[in-house]
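Peer 1: Structural data only, the sequence is not supplied:
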């Protein structure tokens, strides 16, 4: 049950990358696959903590792992990033940024209207 | 496919070929609506930070057209064409958006404006003719913004991440 509750809060990539440490892990994995011990050391966190983050990232499909001898290596899984990529880029970003400007512009209009 | 589509499973039949963007703007609905009705307004906010527009013609009425060029911050020009198919002040605007009058890939967006207390909620629902065209639009707008530096750290970061991930 505890596992299910945790999964519910991090069931998509957006929730998963809302956590700064998990973004740090993803940033490190850009350079290539790494074992958990490396990641934990680099980020100054305990290994269980790093493992927990990796598990969340794996559950949402952002990270995949594979066995290499005695080690388990973690790497990026681009497929899970696709919805994030679509959301943050392209059409939606175009409109989100346009709406930012619209918001600022309408505030100017509002103020100009009040001053008249 | 199944992994990325899961979240949209409960959506409408067009869910895989539409994009919905909404925003609350802290201003009365009439004022927000007005910002969509005149080129002197639109030219002040259309496009992301750093973009400008040059308008060839503009006639805000059903069947009227807005023919313009959008200039990216890197100097690239993008021809744009819009025609309005429905205008219901101050509630709703439906428009067809393409690169030119004859663009077979033009797509329809419906903007709705709803009061949200003293503010206004805008929702823009764009339905593409097919999932392929939706994906194409996503990629095209990626390209448009490719040279941009104003994007949030997250956007830059994730894009880079995806590229690296795809290579490995």
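Peer 2: Everything's here; your move. Just so you know, these numbers come straight off a predicted model, no measurement behind them. Numbering: from 1, shown residues only, chains lettered A, B, ... in the order given.
Peer 1: Can you mark which positions in the lengthiest strand in chain B are buried?
Peer 2: If you go by DSSP state E, chain B has its longest strand at strand B:77-88. For strand B:77-88, a neighbour-count test (16 or more other C-beta atoms under 10 Å in any protein chain shown) marks B:78, B:80-84, B:87 as buried. Quick note: C-beta positions are derived from backbone N, CA and C, even for glycine.
Peer 1: Turn those into TSV, including distance to residue A:54 and pLDDT.
Peer 2: What follows is these, written out as TSV (distance: C-beta to C-beta, whole Å; pLDDT from 0 to 100):
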residue	distance to residue A:54	pLDDT
B:78	41	85
B:80	44	92
B:81	48	96
B:82	46	96
B:83	50	97
B:84	50	97
B:87	52	98
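Peer 1: helix or strand right after the worst-scoring helix or strand of chain B on mean pLDDT?
Peer 2: Counting by mean pLDDT, DSSP states H and E, chain B has its least confident helix or strand at helix B:2-5, which shows a mean of 37. Counting by DSSP states H and E, the next helix or strand C-terminal to helix B:2-5 is strand B:18-25.
Peer 1: Can you list the buried residues in that next one?
Peer 2: B:18-19, B:21, B:23, B:25.
Peer 1: Could you do stretch A:52-68 as well?
Peer 2: So, applying 16+ other C-beta under 10 Å, buried residues of stretch A:52-68: A:53-54, A:56-65.
Peer 1: ok, residue B:39 touching residue B:56?
Peer 2: No - here residue B:39 does not reach residue B:56: they are 10.4 Å apart, not a contact under C-beta atoms under 8 Å.
Peer 1: neighbour-wise, which of these two wins?
Peer 2: residue B:39 (16 against 11; other C-beta atoms under 10 Å in any protein chain shown).
Peer 1: Now that one: closest residue in space that isn't a chain neighbour?
Peer 2: Sequence neighbours aside, residue B:58 is the residue nearest to residue B:39 in space, at 4.3 Å (criterion: C-beta to C-beta, 6 or more residues apart in numbering or on different chains).
Peer 1: Ok, residue B:115 next?
Peer 2: residue B:29 (5.3 Å).
Peer 1: The one you found: neighbour count?
Peer 2: Neighbourhood size, residue B:29 [other C-beta under 10 Å]: 20.
Peer 1: which strand residues sit across from the residue nearest to residue B:39 in the sheet?
Peer 2: Beta-bridge pairing of residue B:58 under DSSP bridges involves residue B:66.
Peer 1: for chain B, what spans make up the strands?
Peer 2: For chain B, the strands defined by DSSP E cover B:18-25, B:52-58, B:65-71, B:77-88, B:92-98, B:107-116, B:119-127.
Peer 1: Out of these, which gets nearest to residue A:32?
Peer 2: Closest of the strands of chain B to residue A:32 is strand B:18-25, at 33.3 Å (criterion: C-beta to C-beta).
Peer 1: follow-up on the earlier one: which one of the buried residues of stretch A:52-68 is nearest to residue B:122?
Peer 2: Lowest distance from residue B:122 to the buried residues of stretch A:52-68 (C-beta to C-beta) belongs to residue A:60, with 29.6 Å.
Peer 1: roughly how far apart are the closest one and chain B?
Peer 2: Applying C-beta to the nearest C-beta, to the nearest Å, the value for residue A:60 to chain B is 9 Å.
Peer 1: measure that residue to residue A:18 for me?
Peer 2: Distance of residue A:60 to residue A:18, computed by C-beta to C-beta, to the nearest Å: 11 Å.
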